[in-house]
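Colleague: prediction below, plus the sequence it came from.
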Amino acid sequence: MNLYARPPSDLTSYTDVAAWLQGLKAGGVKFGIDRMRALVAELGHPERAVPAVHVGGTNGKGSVCAMVESIARAAGRRTGLYTSPHLLRLGERVQVDRTPLTDDEITAYVRELLPVAARIGTDSPDNHPSFFEFMTAMAFLQFARRGCDLAILEVGLGGRLDATNVVTPRVCVITSIALDHCEILGDTVEKIAAEKAGILKPGVPVVLGRLPAAAEAVVRARAAELGCPLRAIDDTFGPENGPSREPWPATRLEGEHQRLNAAMATLVARELGLPADAIARGLAEVEWAGRWQRTTVGGRPLILEAAHNPEGASVLAACLQKLVKDTGRRPVVIVGVLGRERARPLLATIAAHASEIILVKPQQARASTFEELEALIPADFAGPLRRSTVDALFPAPDVCTAGGADDLLLVTGSIYLLGEVMERLQPSAAGGEGRLQDF
């Protein structure tokens, strides 16, 4: 049966809907925003109903989105938050006041969108909206119908051709630029910066994180071309290794990189006219899972940290260095990665700080094999190195078989691996929706 022609009456339960979305996702990522433009036009342009903040960049997007959302909610605004991928359940991607979409809401939205998508794809299946475009449309509809005061939208991949790029926001953000997804976005920071800067709109203020000089030049040139006021964190708070112009904001999220993210969120909030007390309170109360997230398992400390690319590896190095200094102990590290170029710097960082490394393979088609990971472990790593699985390492909700009774535990690498571990730790919250995670 043609997936795209399947009648809406077939999808009577969330189980049916999730299976249909899985089939849609299996069709792959579709770049370009013409389908999304057609989809929102058919829906009456819900993306125009709520003022938005649009956040792009290589790393830090989700953290900045979470911080801006927390600040806006502290200021009394009703917030819409759209991020990807999810950790446990699909509905996490679309939240109003941090309440995710329910299974019933997703079911209703898919049934509503199916005939619209079928009309758009009448001439060719290639014109049928993708999985990510379906989710983006759900976000726009939910935020409009729930009367949100502000929508915070994370770019899925790139920027210029991303489905979220149909919005004209109140503020744009470029968090960072590094070499990632090079096969899609380009093999230099300049090319990647040009794709990320594709979200800039004429006259719309831009908040800029700390970028490589070549990448920053590209973004600044595009902002100047479009007449966009630009606020860079280093211009406001002070350059790296230089004197502070004003105190860097504090945040609940750990790590020096999160202070940079907090600085970006602060500048966004100022552009939106949100009060200083709400900024401080929102940053102090923000929650964002999987970012140096501390918990326990079997009475032992466990840290969950998504570090999935070379820039993330440098952030992880700083966090691990501080952890070892503060505790006097090297952690047992459980790691799984997607792709050789991502794995190489991450494994070098881990080997410099771990007492033991346990390799796992996330349940994703792009996951690195054990052989690939083992070949990238530095020759001077002297600790134990072994293979395992998430199920073997976390056989029950409060049990981890890794390490000894006094060991610190760290799970890092792919965000998809973190989702699998969280499913084992929180089975009541899990939905078995890892198959819907990618993009």
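Modeller: Looks like it arrived, so ask away. Numbering: from 1, shown residues only.
Colleague: for residue 87, grab phi and psi.
Modeller: Torsion angles at residue 87 (phi, psi; degrees, to the nearest 10) stand at phi -100, psi -50.
Colleague: what is the burial count for it?
Modeller: Neighbourhood size, residue 87 [other C-beta atoms under 10 Å]: 23. Backbone N, C-alpha and C define where each C-beta goes, glycine included.
Colleague: what's it in contact with, if anything?
Modeller: 289-290, 415, 418-419, 422 (C-beta atoms under 8 Å, 6 or more residues apart in numbering).
Colleague: which residue is the nearest non-sequential neighbour of it?
Modeller: residue 419 (4.4 Å; C-beta to C-beta, 6 or more residues apart in numbering).
Colleague: point out where this protein drops to low pLDDT.
Modeller: For the chain, residues meeting the criterion pLDDT under 70 lie at 1-9, 28, 180-187, 308, 429-439.
Colleague: that one: strands as residue ranges?
Modeller: Ranges of strands in the chain, per DSSP state E, are 52-56, 79-82, 94-96, 99-100, 150-154, 171-174, 206-208, 230-232, 293-297, 300-306, 332-336, 356-359, 385-387, 409-413.
Colleague: out of those, which one sits most buried?
Modeller: strand 171-174 (a mean of 30; mean count of other C-beta atoms under 10 Å).
Colleague: how far away from the center of its chain is it?
Modeller: 15 Å (C-alpha atoms, centre = their mean, to the nearest Å).
Colleague: these two touch, right, residue 320 and residue 355?
Modeller: No: here residue 320 lies out of contact with residue 355, judged by C-beta atoms under 8 Å, at a distance of 11.4 Å.
Colleague: and the gap between residue 216 and residue 371?
Modeller: 39 Å (C-beta to C-beta, to the nearest Å).
Colleague: neighbour-wise, which of those two wins?
Modeller: Comparing residue 216 with residue 371 by other C-beta under 10 Å, the one with more neighbours is residue 216, at 20 against 9.
Colleague: ok, for the more buried one, nearest residue in space, not its chain neighbours?
Modeller: residue 208 (7.0 Å).
Colleague: isn't the one you found right next to residue 229, touching?
Modeller: No: using C-beta under 8 Å, residue 208 makes no contact with residue 229, being 11.0 Å away.
Colleague: one step back: tell me which of residue 320 and residue 355 has more neighbours.
Modeller: residue 320 (23 against 17).
Colleague: grab the nearest non-local neighbour of that one.
Modeller: residue 353 (4.0 Å).
Colleague: how near is that neighbour to residue 325?
Modeller: 10 Å.
Colleague: neighbour count: the two, which is higher?
Modeller: Under the criterion of other C-beta under 10 Å, the comparison of residue 353 against residue 325 puts residue 353 first, with 17 against 8.
Colleague: let me see the contact set for that one.
Modeller: Counted by C-beta under 8 Å, 6+ apart, residue 353 has contacts 317, 320-321, 323-324, 330-331, 333.
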